[in-house]
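Asker: structural data only, the sequence is not supplied:
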Ligand SMILES: [Cu+2]
């Protein structure tokens, strides 16, 4: 192979390598945009087709065992009487529930029904924000596996 041919081949290889890494980064970028467009709470990789896990009645005086569901599944709370659904940051009843903000999933209402969005893997703890209800057993831990 002549020196000139060798240089031309080296140059061609460099161009092809650059083009293919460009193509890869474009694909990666496209995938990133698709993930950005999806709701953040949706499990994109594993989406369960299972029906929502029903907690009925969601009320006081109960002992709710830990719930195990699969990624992409939702939890549906239904209640008689006056309750709400509040997402806790840990598994203990707080001294104080925020009166507005993102932790309030359902405001306090009578005869309510609230279904979470499809949940991604993790541990979630829900309680009722009516004063005294969490301490009276209206708290549940949900493990999304
Ligand atoms: Cu309650």
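Answerer: Now that the structure is in, tell me what you want to look at. Just so you know, these numbers come straight off a predicted model, no measurement behind them. Residues are numbered from 1 along each chain as shown.

Asker: which residues in this structure form strands?
Answerer: 53-55, 67-69, 75-78, 82-88, 104-110, 113-115, 122-127, 139-144 (DSSP state E).

Asker: could you chop this structure up by domain?
Answerer: 1-37, 53-144 (automatic domain parsing).

Asker: what's the most buried one of those domains?
Answerer: Mean neighbour count (mean count of other Cβ atoms under 10 Å) peaks for domain 53-144 among the domains of the chain, with a mean of 16. C-beta here means a position set from N, CA and C on the backbone, and glycine is covered the same way.

Asker: ok, that one near the ion or not?
Answerer: Yes: against the ion, domain 53-144 shows contacts by Cβ under 5 Å from the ion at 83, 128, 130, 133, 138.

Asker: let me have those residues in CSV, extended by pLDDT.
Answerer: Formatted as CSV, the residues of domain 53-144 next to the ion follow (pLDDT from 0 to 100):
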residue, pLDDT
83, 98
128, 98
130, 98
133, 98
138, 98
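
Asker: got the strands of the chain as CSV, with distance to residue 95 columns?
Answerer: Output for those, formatted as CSV (distance: least, Cβ to Cβ, whole Å):
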stretch, distance to residue 95
strand 53-55, 24
strand 67-69, 25
strand 75-78, 23
strand 82-88, 12
strand 104-110, 17
strand 113-115, 24
strand 122-127, 13
strand 139-144, 14
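
Asker: if we can go back for a sec, hey, least reliable of the domains of the chain by pLDDT?
Answerer: Across the domains of the chain, domain 1-37 has the smallest mean pLDDT, namely a mean of 38.

Asker: please list all residues in contact with the nearest residue to residue 55 once chain neighbours are set aside.
Answerer: With sequence-adjacent residues excluded and distances taken as Cβ to Cβ, 6 or more residues apart in numbering, residue 55 is closest to residue 77, at 5.1 Å. Applying Cβ atoms under 8 Å, 6 or more residues apart in numbering to residue 77 gives the contacts 55-56, 58, 85, 106, 112-115, 126.
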